[in-house]
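**Student:** Let's see this in three dimensions:
(chains A and B)
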Amino acid sequence: MRQRKIGEVILDVRNISLSFGGVKALQGISFDVREHEVRAIIGPNGAGKSSMLNCINGVYHPQEGEIVFRGEVRRDMDTHHAAESGIGRTFQNLALFKGMSVLDNIMTGRNLRMKTGILAQALHLGPARAEELREREFVEHVIDFLEIQAYRKTPVGRLPYGLQKRVDLGRALAAQPQVLLLDEPMAGMNLEEKQDMCRFVLDINDEFGTTIVLIEHDMGVVMDISDRVVVLDYGKKIGDGTPDEVRNDPEVIKAYLGVSH
Amino acid sequence: MSSMPPESADTFPRLLLHHAKVRGDRPAIREKDLGIWQTWTWSQVAAEVRALACGLAEQGVRRGDRVAIIGANRPFVTWTTAAAQSLGAIPVGLYQDAIASELLYIFQTAEIRHAVVEDQEQVDKVLEIGQEAALLKHIYYDDPRGLRHYTQPELMSIEKLKEAGRAFDAKNPGFYEAEVAKGRPEDPAAMFTTSGTTGNPKGVVHTHGALIDRARVACEMERLTDAEEVLAYLPPAWIGQNIFSYAQALVAGFCVNCPEAAGTVTADMREIGPTYYFAPPRVYENLLTSVTIRMEDASSIKRRMFKYFMGVAERVGGRLLDGKPVSPGERLLYWLGDLFVYGPLRNALGMSRVRVSYTAGEAIGPDLFRFYRSLGINLKQLYGSTETAVFVCVQPDGQVSADTVGPPVAGVELRIADNGELLIKSPGLLKEYYKNPAATAEVLTNDGWYHSGDAGIIDHDGHLRIIDRAKDVGRLANGAMFAPKYIENKLKFFPFIKEAVALGDRREMVCAMINIEMEAVGNWAEKRGIVYSGYVDLASQAAVYDLIRECVEKVNADLAQEEKLADSQIRRFLILHKELDADDGELTRTSKVRRGFIGEKYAVLVDALYGGRAEQYIETQVKFEDGRTGKVSATLEIMDAKTFAPARKAA
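**Tutor:** Here you go, the predicted model:
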């Protein structure tokens, strides 16, 4: 069995409310994420899971509440700042550059760390070149880690969906995030691909100590790999705890299975 | 440099030290890691092996101990093999995909206490076995990924093992040299497992002497030097891989390249450009298929160019390779073809630099064989097995054909027993089956002959021809040998024939039941405007019968050339009305025909074949994929085929 040290709270979500016009997507949500843990957010369709992630990395700006990341209080995080301060993410509906190779896609994830300017990079000047070599080495570690060596030069658009998901994950990893937000990493995968993805998630958590926040539909998967689970329903938090606690929570059972009369 | 190592380098560790001394700066092994080829020279390898050997000694490995090694082609596999051998321990290579029960059996019989494995997956498997195989106390792993939080005391990383080894080496100077000096060529060098199709796997033990002798003979025959490049891509637990990329590399001093991952083998092969290559027929077949598919998608100019020059290659290429006379005009055409087609194609296959390329393991289709040879790739066949340390027969340059495996190589004596079984005497024979004297006595008789279990014949050029498993070979009523699989294979090499069943054991003549290949025959029929409604209809067309008869008669002409098989010419045949199918029990799940079962199921047809009737009505039950059953009925025509007078006996 894995033995990991779960640390202090690294990300604290306090009383977040988000609405789009009259639609209350999130209502007073609070939960925390501790360093090195795998934290899942689950809930039925439309529960507000993706909205929650979007608040964390600054795509949406909640009307109320605040987010504390590494002791720094923020109300409106912008996406660039989120990425720079160590929050990475993958997307439910892949946002890869289909015509670019796997290698180049993952390199873009690394671009955040590159200091040379656009012109120097375009002209492949000395410092830009040296930097690229350095960053490329890290990217190669990511490729090795995700076992996609065979597709290094393949345009992403030609890969099957399961592999594209892996490339998406690779690009997020390339930025060496402290907290990695995964938006339905197993959606649309077959059983084997799901098992692989689970292993990668756990390995990332293990090897790099990355804190992981994931949204997932597949309850079985979530319960197996998460340390703690938040349950949302209609924008409200209805449960929070270890997988076992959540599984036996009457509120959660009601939301997922309906009420027996 | 092409000189072979001196006779005094008679164990693998001594060979390694020899190369570290005379070609210390030349590459010994490469591995593609993080997208870049990493190279270790012979002296670096010797240092790694030394550290590992000392580490293993420090952990308690003693002379004669068995050390399990499980992993893909990675440098650590080579190094730990050599390290165990340095200590006089016996490396036992195991397949990565071996199932737990099989591994457990080997771990228990070989009393394995130390195991070197690649990664978490193998660690998990071995730990699980370890609970049952109570002896297993030490597990060393190469890749630490995912193992950070494992707390089992048996676990140790190879890095740590090397560290411990270096410390041990510093404290015990001269220990390593003394251990290597203790080794003798007659000591066991390695144990290979043979898959038991029936019962438990057997451990085949080979000595340093046997493996080095065979490796050396083949190196000398093919004039392999330290400039060769080899790609290690087959399972290292298999003896062939051990010979091609361990034993021969240590004899000739050439460089072995480990691909980055299983999926990158083709790309890595293109980058490395091996000069010496081995692949089983199915690999060559897959390569050809991928070429064909890509050619079909190419532009029409390219397609026409390909077709034209492949025709030229077929006429000229083989003769050029064999050093036979070729007219200047043909030479020019071939040269052009090489410029436009063969060269680029060889390059795409990663075979631009291949000087010697082997295939073995099963019969290779003549068309496939000819394709590669006509491209100028020196593809040759060899014969051998785990028990013979591979090299028994090899086709020498210029004496290559699709249906023999060549004459015996130096040191080998062959004899055909009365029952047709091939007996072998060779310096490369196994020492024993590990802890299984009964099985050893069964195959290795006191007079030194190894019973191969294969039925073979030696043709008038002295080339061996493997025809079947000895137990499947029968006799015709007149006492002549009847080798059904040989005949069936010959028939199946025609693209129009999918399956064939040869009958004749204890009968006065050979008859055959044939399945057509729907797609190939269908295409053929369409081009000729032959109308058909389905399989049964197509199979019963007179034109199709004529087509198949031509194939059968070609096989007969071939068989007539062979003294012992001339009586096996197919006298009568029929085309079956349904495809033989594993669901109906006619094939095994691995697609081998179940001759006995078919003989019973189609008894009416067999009777009609031998009863001289011209046609026969048959009704057969078939099982559909959804489990329903149905009936297929047809009246099958039975046709006589022309036979040929046997070739004159060689004087």
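
**Student:** domain ranges for chain A?
**Tutor:** A:1-86+A:177-261, A:97-176 (automatic domain parsing).

**Student:** Report the distance from the first one to the chain centre.
**Tutor:** Mean-position distance between domain A:1-86+A:177-261 and its chain equals 9 Å (Cα atoms, centre = their mean, to the nearest Å).

**Student:** Ok, which of the domains of chain A comes nearest chain B?
**Tutor:** Closest approach to chain B among these (Cβ to the nearest Cβ): domain A:97-176, 3.2 Å. Just so you know, the C-beta spots here come from the backbone N, C-alpha and C atoms, and that holds for glycine as well.

**Student:** returning to that earlier point: export the domains of chain A as TSV, with columns for mean pLDDT, distance to chain B and mean neighbour count.
**Tutor:** Below are the domains of chain A laid out as TSV (pLDDT from 0 to 100; distance: least, Cβ to the nearest Cβ, whole Å; neighbours: other Cβ atoms under 10 Å in any protein chain shown):
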stretch	mean pLDDT	distance to chain B	mean neighbour count
domain A:1-86+A:177-261	86	5	17
domain A:97-176	88	3	17
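
**Student:** Dump those into a markdown table; add distance to B:R595 as well.
**Tutor:** Supplementary listing: the domains of chain A in a markdown table, determined by distance: least, Cβ to Cβ, whole Å:
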| stretch | distance to B:R595 |
| --- | --- |
| domain A:1-86+A:177-261 | 37 |
| domain A:97-176 | 41 |
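
**Student:** element containing residue 17, please.
**Tutor:** All of this refers to chain A. strand A:9-20 (DSSP states H and E).

**Student:** right idea, wrong chain: chain B
**Tutor:** helix B:12-22.

**Student:** buried ones in that helix?
**Tutor:** For helix B:12-22, the neighbour count (16 or more other Cβ atoms under 10 Å in any protein chain shown) marks B:12-20 as buried.

**Student:** what's the neighbour count on the nearest residue in space to B:A133 that is not next to it in sequence?
**Tutor:** Excluding its sequence neighbours, the residue lying closest to B:A133 (Cβ to Cβ, 6 or more residues apart in numbering or on different chains) is B:F107, at 4.0 Å. Counted by other Cβ atoms under 10 Å in any protein chain shown, the residues lying close to B:F107 total 25.

**Student:** repeat for B:G88
**Tutor:** 21.

**Student:** quick one: contacts for it?
**Tutor:** By Cβ atoms under 8 Å, 6 or more residues apart in numbering or on different chains, B:G88 lies in contact with B:62-64, B:179, B:182-183, B:187.

**Student:** Narrow those residues to those that are buried.
**Tutor:** B:179, B:183, B:187.

**Student:** so the second one makes contact with B:A9?
**Tutor:** No. With contact defined as Cβ atoms under 8 Å, B:G183 does not reach B:A9; the gap is 11.0 Å.

**Student:** just checking, what's the longest helix in chain B?
**Tutor:** helix B:300-321 (DSSP state H).

**Student:** Quick check: next helix or strand after that one?
**Tutor:** helix B:328-337.

**Student:** And the contacts of that following helix?
**Tutor:** B:309, B:312-313, B:315-317, B:320, B:326.

**Student:** what's near enough to touch B:R475?
**Tutor:** So B:R475 contacts B:481-482, B:505-506 (Cβ under 8 Å, 6+ apart).

**Student:** Correction: the previous question concerned A:M223.
**Tutor:** So A:M223 contacts A:229, A:243, A:247 (Cβ under 8 Å, 6+ apart).

**Student:** Can you give me the domain boundaries for chain B?
**Tutor:** B:12-277, B:474-640.

**Student:** With respect to those domains, which exhibits the lowest mean confidence?
**Tutor:** When mean pLDDT is averaged over each of the domains of chain B, domain B:474-640 scores lowest at a mean of 88.

**Student:** okay, how far is it across that one, tip to tip?
**Tutor:** For domain B:474-640, the first-to-last residue distance is 23 Å (Cα to Cα, to the nearest Å).

**Student:** At the contact with chain A, which residues of chain B appear?
**Tutor:** With Cβ under 8 Å from any Cβ of the partner chain as the criterion, chain B meets chain A at residues B:33-36, B:145-146, B:148-149, B:151, B:260-261, B:263-264, B:267.

**Student:** Can you report how many residues lie near the one residue in the stretch 251-400 of chain B that gets nearest to chain A?
**Tutor:** For the stretch 251-400 of chain B and chain A, the shortest gap (Cβ to the nearest Cβ) falls at B:G263, measuring 3.2 Å. The tally of other residues near B:G263 (other Cβ under 10 Å) stands at 14.

**Student:** Over to the one 4 residues further on?
**Tutor:** Neighbour count for B:A267, taken as other Cβ under 10 Å: 18.

**Student:** what do you get for B:M513?
**Tutor:** By other Cβ under 10 Å, the burial measure for B:M513, its neighbour count, is 23.

**Student:** next one: the one 10 residues further on
**Tutor:** Counted by other Cβ under 10 Å, the residues lying close to B:N523 total 13.

**Student:** and residue 215, what does it touch?
**Tutor:** Just so you know, I chose chain A. Contacts of A:I215 by Cβ under 8 Å, 6+ apart are A:40-42, A:49-50, A:52-53, A:92, A:182-184.

**Student:** Actually, chain B is the one I wanted.
**Tutor:** Counted by Cβ under 8 Å, 6+ apart, B:A215 has contacts B:243, B:247-248, B:250-251.

**Student:** 7 Å instead, please
**Tutor:** Shown in contact with B:A215 (Cβ atoms under 7 Å, 6 or more residues apart in numbering or on different chains): B:243, B:247-248, B:251.

**Student:** nearest spatial neighbour of it, skipping sequence neighbours?
**Tutor:** B:A215 sits nearest to B:A247 (Cβ to Cβ, 6+ apart), 3.8 Å away.

**Student:** Tell me how far the strand or helix carrying B:V604 lies from the chain's centre.
**Tutor:** Taking DSSP H and E as the criterion, the element that holds B:V604 is helix B:603-611. Centroid separation for helix B:603-611 versus its chain: 37 Å, with Cα atoms, centre = their mean.
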